[in-house]
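Participant: need a structure here:
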Amino acid sequence: MKFAIWLATLLGVITMVTAAAVNSSAVNSNAGKNPLLYSGAFPRWSDIKPSHVQPAVQQLIAEELASVELLEQDLARMSANITFDRLFKPLTQLRLRLDAVFGQIDHLSSVVDTPERRKAVDAITPSRVAFELHLGQSKPIYNAVKQLKDTSVIWQKLNPTQQRIVTITLKDYENSGVGLPEDKKKRFNAISDQLSQLTTNFSSNVLDSTMAFKLLVTNKSELDGLEETTLAVAAEKAKDAGHPSATAESGPWLLTLDYNTYVAVLSFAKNRDLRKNFYIAYRSIASSGKSDNTGIINQILALRKELAVILGYKNYAEEKFTYKMATFNSASSLMEQLINDSRAVAVEENAQVTQFARNVSEDKGLELKWWDIAYWSERQKEHLFHIKQERLREYLPLPLVIKGLFQLAHKLYGINVQLASGALPVWHKDVQVYAVSDANSTKPFAYFYADLFARPGSKQGGAWVQPLWDAAKYWRAPSPAAAAAKATKAAASNSTNSRTASVIWTPSLAKAESDWLNSAPYQLPIAVLISNQNPPAGGKPSLMSLNDAGTLFHEFGHALQHMLSKSKQGLTSGMRNIEWDAVETPSQMQEKWVYDKNMFNSIARHWNTNESVPSWMFDAIKSLKTYRQGNAFSYQLTLAMTDLILHSSYDPRGKVTPTQIQQQQSARIMPYKPYPGDRQLNNFGHIFGGGYAAGYYRWEPGAEGLGICDKPMLSTHLPWSLVVTDEIKRLRAYWCTGL
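Facilitator: Numbering: from 1, shown residues only. Coordinates of the predicted model:
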């Protein structure tokens, strides 16, 4: 980029602007009155309104654009003396401040969705994408990064972390189209803008479609078999929907299509028609009317492929695998090996559950439909292990599980986790804020927000951790460059010059910016931990299933990775720049502790009597871990292979549809025929609304239930290397034993 020298009428204010920038509001923690730009210790969640989004983003982009321009001009003047800090301190500041603001916007969209918030987010999406492209296609910055990599004298002086940052940043710039000719860059940018909007629309459609399904039941016999917890939650939903006298015992009961209710109906409802209706409804989410995602899926796949081809890749998968430890071929080989192992197990499992259903029902010709499998599997589980989910829930009250989880963290990592002091702002009354400190200190070094209960209609389903603020030295406030640009623009507006004013490099401004960056305060890391379990109901605390407990442990592993980071570089803090097929490892390690006997005994006591879990029950629980793992893993493999095919060999212009691809994979991997009306892809947010595209294969290996752990070690069992190293052997041991 070349920068114009403004007319003489502006030159007289440059020195004045530079001096003002040093003592300006650049370090003012309030950053105006917009709560999204507040740079105090905690976000002002309760103050943030949809009306704040657009002005905050406009101000943020204008301020950070000035920082980019000053950096580009600075690089042009020091091309022979570029250092890592001179380049990456401002880049880190840029990235972390942008993410701190956009992180709040994205988070609120996922947990308190409203039409007004959607409209606000839609309005800022084009400018957000345009700025990211402007930054990612900066030739001066790219050339400087490349110079660090290509100059051996400089490169050899960088430590491994710095070299990693340089290497990944180069890749980021190249995959952002920095080297494209102008005609291709224009098309690349247009596609990027379209994809951002399409993925947002996809997620909104899923939420709207899920929210639209409501079934009010007044006859309790129709709900025969459902757990007391499910009935209590359904009664609370009915109260919220205008039935104030609703009770778990007498109803009415409002059933929604959130995942907890769906699983409960499929697993426990004796009413076969009810199970069928729920199965079809869930498998049809976002597949009709205004919320139909079919066309969006086709557009996303076509645009992703075009984007990758413009960059010089064969397909989108090839591009995405540049950010993974595996290669496409090794990941595909792993999937095929696991398909062979899992399908044989799954077929046997289904034969067993079918025979069990026939014996119990005394119907020798009974053929299980798709909506029957979960129900009869649950009955078989109860028969084999003498344990019912509802009874197990009674021993897993959320407060006790959280207490045990934090005690485990204390033992493993030497940290204390407790409720944060003071009335901190939150986005919903159920949200809790926790402070994390070293065991020998009362001073917190991190915080996280926990939002654990389902809110169908306003909160996205699933569970996740979002790093909000990073453990690093940076400002969450505008820079001296931003203040200089603002003052220069103000001066220009009072002159006869019609040009748009911008920041202009001067030695004093460059020094002010450098001093400002060097004096940046250390920011404590903050994360948000989200899940969607049943809320308290019927006078009882939130009672967790074994899966709920595992999910909480899993997500806490992600939060720990963010909060316990010791990296001295902001761009490698927490989960930043970790290969996408490795980022699940800490959370999977944490999750396995649920099945440790001592750990389980510490979190499992009856919510009312405080009775501990009988020893036979824990033995049964450990056995449950591998129950029907062939089916569970075959299902995950179906999704993983569908994802890889759709982003590699699939032709968006061909006659075969994405749904047909998914059906084909289901037919060859699953132990039963696919449901003809299955439109699951329309609800597959991981790859069409999230970051898992061409990477869903990284999901939980689950190898211990498939007999894989009993086989000789083959390189094809793991995607990371064609050589079976000691590290790979240890990872396999972790998969198979949790040790």
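
Participant: alpha carbons only for contacts and neighbour counts from here, please
Facilitator: Will do.

Participant: And the closest residue to residue 68 other than its chain neighbours, how close does it get to residue 570?
Facilitator: What sits nearest to residue 68 in space, not counting adjacent residues and going by C-alpha to C-alpha, 6 or more residues apart in numbering, is residue 135, at 7.3 Å. Distance check for residue 135 against residue 570: by C-alpha to C-alpha, to the nearest Å, it reads 18 Å.

Participant: just residue 60 next, same as before
Facilitator: Taking C-alpha to C-alpha, one finds residue 60 at 20 Å from residue 570.

Participant: same deal with residue 692?
Facilitator: On the measure of C-alpha to C-alpha, residue 692 and residue 570 end up 24 Å apart.

Participant: what sits up against the helix or strand the residue nearest to residue 68 falls within?
Facilitator: Assigned by DSSP states H and E, residue 135 falls within helix 115-136. Applying C-alpha atoms under 8 Å, 6 or more residues apart in numbering, the contact partners of helix 115-136 are 49-51, 53-54, 57, 61, 65, 68, 105, 109, 172-173, 176-178, 189, 192-193, 196-197.

Participant: just stretch 538-556 next, same as before
Facilitator: 229, 232-233, 247-248, 389, 392-399, 401, 405, 463-465, 529-531, 533-536, 587-594, 607.

Participant: Spit out the contact partners of residue 197.
Facilitator: 122, 125.

Participant: which regions of the stretch 301-450 of the chain lie under the pLDDT threshold?
Facilitator: The model of the stretch 301-450 of the chain has no residue with pLDDT under 70.

Participant: Using PDB, write down the CA coordinates of stretch 142-158.
Facilitator: What follows is stretch 142-158, C-alpha atoms only, in PDB (Å, rounded to 0.1, in the frame of the first residue of the first chain):
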ATOM      1  CA  TYR A 142       3.500 -10.100   4.600                       C
ATOM      2  CA  ASN A 143       6.800  -9.100   3.100                       C
ATOM      3  CA  ALA A 144       8.100  -8.300   6.600                       C
ATOM      4  CA  VAL A 145       7.000 -11.700   8.000                       C
ATOM      5  CA  LYS A 146       8.600 -13.400   5.000                       C
ATOM      6  CA  GLN A 147      11.800 -11.500   5.500                       C
ATOM      7  CA  LEU A 148      12.000 -12.900   9.100                       C
ATOM      8  CA  LYS A 149      11.600 -16.400   7.700                       C
ATOM      9  CA  ASP A 150      14.000 -16.000   4.700                       C
ATOM     10  CA  THR A 151      16.800 -14.200   6.500                       C
ATOM     11  CA  SER A 152      18.800 -16.900   8.000                       C
ATOM     12  CA  VAL A 153      20.700 -14.600  10.400                       C
ATOM     13  CA  ILE A 154      17.300 -13.400  11.900                       C
ATOM     14  CA  TRP A 155      15.600 -16.800  11.700                       C
ATOM     15  CA  GLN A 156      18.300 -18.600  13.600                       C
ATOM     16  CA  LYS A 157      18.100 -16.100  16.500                       C
ATOM     17  CA  LEU A 158      14.300 -16.700  17.000                       C
END
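
Participant: can you pull the buried residues of it?
Facilitator: 142-145, 147-149, 155, 158 (16 or more other C-alpha atoms under 10 Å).

Participant: out of residue 692 and residue 570, which sits in the more crowded spot?
Facilitator: residue 570 (22 against 19; other C-alpha atoms under 10 Å).

Participant: nearest residue to that one other than its sequence neighbours?
Facilitator: Nearest non-adjacent residue to residue 570 (C-alpha to C-alpha, 6+ apart): residue 472, at 4.9 Å.

Participant: any idea how far the one you found is from residue 161?
Facilitator: From residue 472 to residue 161 the distance is 14 Å (C-alpha to C-alpha).

Participant: the more surrounded of those two?
Facilitator: With neighbours defined as other C-alpha under 10 Å, residue 472 and residue 161 compare such that residue 472 has more, 25 against 14.

Participant: so how far is residue 122 from the more buried one?
Facilitator: On the measure of C-alpha to C-alpha, residue 472 and residue 122 end up 30 Å apart.

Participant: what do you get for residue 380?
Facilitator: 48 Å.

Participant: the more surrounded of these two?
Facilitator: Taking neighbours as other C-alpha under 10 Å, residue 380 and residue 122 compare with residue 380 leading, 18 against 15.

Participant: Spell out which helix or strand contains that one, please.
Facilitator: helix 373-385.

Participant: And for residue 188?
Facilitator: helix 182-212.

Participant: Can you name every helix or strand that the host helix or strand of residue 667 contacts?
Facilitator: Per DSSP H and E: residue 667 is located in helix 658-669. Helix 658-669 makes packing contacts with helix 629-646 when contacts are defined by 3 or more C-alpha pairs under 8 Å, 6 or more residues apart in numbering; DSSP states H and E.

Participant: how far out from the middle of the chain is the helix it packs on?
Facilitator: When distances are taken as C-alpha atoms, centre = their mean, to the nearest Å, helix 629-646 is centred 19 Å away from the chain's centroid.

Participant: same check, this time on stretch 542-556
Facilitator: With C-alpha atoms, centre = their mean, you get 17 Å for stretch 542-556.

Participant: For that stretch, buried residues please.
Facilitator: In stretch 542-556, counting by 16+ other C-alpha under 10 Å, buried: 542-546, 548-556.

Participant: What of stretch 431-446?
Facilitator: So stretch 431-446, judged by 16+ other C-alpha under 10 Å, has buried residues 431-438, 444-446.

Participant: what comes into contact with that stretch?
Facilitator: 410, 414-420, 424, 426, 447-452, 524-526, 563.

Participant: Residue 615 and residue 100, how far apart?
Facilitator: In terms of C-alpha to C-alpha, residue 615 sits 47 Å off from residue 100.

Participant: neighbour-wise, which of these two wins?
Facilitator: Ranked by neighbour count (other C-alpha under 10 Å), residue 615 and residue 100 place residue 100 first, with 20 against 11.

Participant: Leaving out chain neighbours, which residue sits closest to the more buried one?
Facilitator: Nearest to residue 100 is residue 469, by C-alpha to C-alpha, 6+ apart, at 5.6 Å.

Participant: Is the one you found bridged to anything, and to what?
Facilitator: Under DSSP bridges, the beta-bridge partners of residue 469 are residue 526.

Participant: and it, how far is that from residue 136?
Facilitator: 22 Å.

Participant: So these two - more neighbours on which side?
Facilitator: A count of neighbours by other C-alpha under 10 Å puts residue 469 above the other of residue 469 and residue 136, at 26 against 20.

Participant: Surely that one and residue 526 touch.
Facilitator: Yes. Counting by C-alpha atoms under 8 Å, residue 469 does reach residue 526; the two are 5.0 Å apart.

Participant: any residues in contact with both of these two?
Facilitator: Joint contacts of residue 469 and residue 526 (C-alpha under 8 Å, 6+ apart) do not exist.

Participant: ok, so of the buried residues of stretch 142-158, who is nearest residue 650?
Facilitator: residue 142 (32.9 Å; C-alpha to C-alpha).

Participant: okay but the closest one is in contact with residue 172, surely?
Facilitator: No. Residue 142 lies out of contact with residue 172 (C-alpha under 8 Å); the separation is 9.6 Å.

Participant: At the geometric centre of the chain, which residue do we find?
Facilitator: Nearest to the geometric centre of the chain sits residue 464, at 5.2 Å (C-alpha atoms, centre = their mean).

Participant: what about the residue lying closest to residue 410 once chain neighbours are set aside, distance to residue 403?
Facilitator: Closest residue to residue 410 apart from its sequence neighbours, by C-alpha to C-alpha, 6+ apart: residue 416 at 5.6 Å. Residue 416 is 11 Å from residue 403, where distance means C-alpha to C-alpha.

Participant: In terms of neighbours, single out the busier of those two.
Facilitator: Taking neighbours as other C-alpha under 10 Å, residue 416 and residue 403 compare with residue 416 leading, 21 against 15.

Participant: Would you map the helices across the stretch 401-550 of the chain?
Facilitator: 480-493, 507-518, 546-563 (DSSP state H, counting those that start in this stretch).

Participant: With the stretch 151-300 of the chain instead?
Facilitator: 152-155, 160-175, 182-212, 228-240, 259-268, 272-282, 294-310.
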